[in-house]
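**Student:** how would this look folded up:
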Amino acid sequence: MKIKSLVIASALVGGLLSAASAATITSLDPMKVVAPVKFEAPAPVDGVTSVQIPASHVGSDVTLRMTIDENGRASNVRVAGARDQAAYKRLVRAVSQWKFSPARRDGQAVSAKVELPLEVTGL
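**Tutor:** Numbering: from 1, shown residues only. Now for the predicted structure:
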């Protein structure tokens, strides 16, 4: 079976990991004043750019769900809705070793659950 590589096209371009890279939360009660909360999504800092994936998966998209902790480490990395979970085992293992900048709430590093969309392309 031919083996192709996974190239992380959309993952490292742009702000990727969260639907909202910045958000402001305020109170709906006009009598209660709440300071705006600034949220910054985590982003990859250091990671593997190719992983061997079966050739039959070239052209597919895969989304990984994970938690990025306050230190920028990924945990609980899972494939969301993949037709062949076993084919992406190497990908899950590789992304589990990536380093991320942590999410920040009002400047403080916080844990965040994120989704990482990836595109499988052949090289």
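**Student:** just the buried positions in the helix or strand containing residue 89, please.
**Tutor:** Assigned by DSSP states H and E, residue 89 belongs to helix 89-95. Within helix 89-95, the residues that qualify as buried are 91-92, 94-95, counting by 16 or more other Cβ atoms under 10 Å. No exception for glycine: its C-beta is placed from N, CA and C like everyone else's.
**Student:** packing partners of that helix?
**Tutor:** Helix 89-95 sits against strand 52-54, strand 61-68, strand 74-80, with contacts defined as 3 or more Cβ pairs under 8 Å, 6 or more residues apart in numbering; DSSP states H and E.
**Student:** on that earlier part again, ok, the buried residues of helix 89-95 vs residue 64, which is closest?
**Tutor:** Closest approach to residue 64 among those (Cβ to Cβ): residue 95, at 5.8 Å.
**Student:** was I right about residue 53 contacting residue 120?
**Tutor:** Yes. Using Cβ atoms under 8 Å, residue 53 makes contact with residue 120 at a distance of 5.6 Å.
**Student:** turn the helices and strands packed on helix 89-95 into a markdown table, columns for mean neighbour count and mean pLDDT.
**Tutor:** Formatted as a markdown table, the helices and strands packed on helix 89-95 follow (neighbours: other Cβ atoms under 10 Å; pLDDT from 0 to 100):
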| stretch | mean neighbour count | mean pLDDT |
| --- | --- | --- |
| strand 52-54 | 18 | 78 |
| strand 61-68 | 19 | 91 |
| strand 74-80 | 15 | 92 |
